[in-house]
Each structure stands twice: as C-alpha cells, then as structure tokens.
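> can't give you the sequence, but here's the structure:
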C-alpha cells in the first residue's frame, strides 16, 4: 500500500475498482480543458490506445498507478487524484475541482490587484516624502 492506496501489481480488473468513475472524471476534465486524446497522450506520455481504454472504462485490462499519475499530472490534478477516484468510486472533492480552480484563480486576481494598490501607495508615499523635504 502507498499512502493508503493499494499498489497495482496484478493484471485484470478488481472488484473494488470503479473504472467507469475514472473514465467519467477524465472525460469531463478533457472536455472542461478542451484537450483532445492526442494532445493529452502527448503531454502525459501515455499512448493514445491506453488513454482511449481509460476513457472507455479500461474494460478487461488493468492500468498501472504510474499511468494514472501521468494522466492526472497532465490534467493538472494531484498525482493520486485518479487513483483515489478509482477506489472511491467517484470524483473526490478537493484540489482540481472546477469550483476550487475558479476560487484559486479569483484569489490570484485579488493578489494582483493588491500588489497594484501597494505599488501605487508606495508611489504616493514617495511624493509626500519629497514634498516634505522641499518645504
């Protein structure tokens, strides 16, 4: 077990794995990110055939954790995201969810605006200090 998740070593599907949940998560994320099979295969280093099998629920064949990790990284998820989906039977909440990504993007915009306000305030303070010196 790695981080509480069984390590994949055997071939063939297991009863405690939900490959349709993995397929749903990958397909939804690909649609949201507007990325196609070939592009995701290129970015992840996973073959198009393997990616296609995952998108269709990996029927009849197991996929190793390293493959799921590579796809998760390429889709900007935590490394273990798809492994957790596989064992949880649905997309876990948390990092990588569209709502959370929107919140993080909003925080980034607020930080940028705050930096701009700080820059302007520093410029005003310099002007005031310069006027006080010239009096």
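Thanks, I have it. Model, not experiment: these values are computed from the prediction.

> Poorly predicted segments of this structure, please.
Low-confidence segments of the chain (pLDDT under 70): 1-15, 59-61, 89-101.

> so how far is residue 57 from the residue most central in space within it?
The centroid of the chain falls nearest to residue 77 when counting by CA atoms, centre = their mean (2.1 Å). Distance, residue 77 to residue 57, using CB to CB, to the nearest Å: 19 Å. From N, CA and C alone the C-beta is placed, and that goes for glycine too.

> what's the answer for residue 113, then?
Per CB to CB, residue 113 is found 44 Å from residue 57.

> Neighbour count for the two, which is higher?
More crowded of residue 113 and residue 57, by other CB atoms under 10 Å: residue 57, with 15 against 10.

> counting contacts, what elements does the helix or strand containing residue 53 pack onto?
Element membership of residue 53 [criterion: DSSP states H and E] is helix 48-55. Here helix 48-55 touches helix 19-33, helix 37-44, helix 65-74, going by 3 or more CB pairs under 8 Å, 6 or more residues apart in numbering; DSSP states H and E.

> for these, which one ends up most surrounded?
Among these, ranked by average contacts under mean count of other CB atoms under 10 Å, first place goes to helix 65-74 (a mean of 20).

> Tell me the buried residues in whichever helix or strand comes after that one?
Using DSSP H and E, the helix or strand that follows helix 65-74 in sequence is helix 81-88. Neighbour-count burial for helix 81-88, counted by 16 or more other CB atoms under 10 Å, picks out 81-87.

> what's the single longest helix in this structure?
Longest helix of the chain, by residue count under DSSP state H: helix 98-133.

> gap between it and the chain center?
In terms of CA atoms, centre = their mean, to the nearest Å, the centre of helix 98-133 is set 28 Å apart from its chain centre.

> now do stretch 57-71
The answer for stretch 57-71 is 17 Å, by CA atoms, centre = their mean.

> Quick one: end-to-end distance for that stretch.
14 Å (CA to CA, to the nearest Å).
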